[in-house]
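Undergrad: attaching a predicted model along with its sequence, questions to come.
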Amino acid sequence: HPGRLYTDAECEPLETRFVQNMLGALGRCVTRPLPFNEIKAWGDFAWNVGETNFCHSTAARLLNAGRSAEACAQIPRWNRVRNKDCTLAENKCGGIPTRREWERQVCTGELQ
């Protein structure tokens, strides 16, 4: 809820539910164990782009084939919202490329 301040006690169950949902989306289509940094990156990515989109992506196929570096390199390609290129300032969705770069860096281990 915009503008509402939450206590730590209120945030904990919300975060737990978010992480469970995020990992559920990831776990339904990744068939091999992943290191924590990849779980974190792909969980966020899968939740954000949608489970179906993620599960049918080249990135998921590469992950399942054990080709993590190539899979991580796919993340920046997902820079569109409602068919608008979010790398263009006039489309006013510049947070998407920023988020994708964070996911990519976490995926590759550049960020924790």
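TA: Done, it's in. Numbers count the residues shown, from 1 in each chain.
Undergrad: for the one helix or strand Arg17 maps to, packing partners?
TA: Per DSSP states H and E: Arg17 is located in helix 8-27. The contact analysis (3 or more Cβ pairs under 8 Å, 6 or more residues apart in numbering; DSSP states H and E) places helix 8-27 against helix 36-49, helix 51-55. In short, each C-beta sits where N, CA and C put it, glycine included.
Undergrad: in the lowest-mean-pLDDT helix or strand in the chain, which residues are buried?
TA: Using mean pLDDT, DSSP states H and E, the weakest-scoring helix or strand in the chain turns out to be helix 8-27, at a mean of 83. For helix 8-27, a neighbour-count test (16 or more other Cβ atoms under 10 Å) marks Met22, Leu23, Ala25, Leu26 as buried.
Undergrad: same deal with stretch 72-80?
TA: For stretch 72-80, by 16+ other Cβ under 10 Å, it's Cys72, Gln74, Ile75, Trp78, Asn79.
Undergrad: and the end-to-end length of it?
TA: 17 Å (Cα to Cα, to the nearest Å).
Undergrad: what of stretch 76-90?
TA: 19 Å.
Undergrad: could you shift the numbering so residue one becomes 582, and keep it that way?
TA: Got it, first residue is 582 now, which makes that one stretch 657-671.
Undergrad: list the contacts of it.
TA: Phe626, Val630, Asn672, Cys674, Gly675, Gly676, Ile677, Pro678, Arg681, Glu682, Arg685 (Cβ atoms under 8 Å, 6 or more residues apart in numbering).
Undergrad: how far off centre is stretch 630-649?
TA: Distance, stretch centre to chain centre, for stretch 630-649: 11 Å (Cα atoms, centre = their mean, to the nearest Å).
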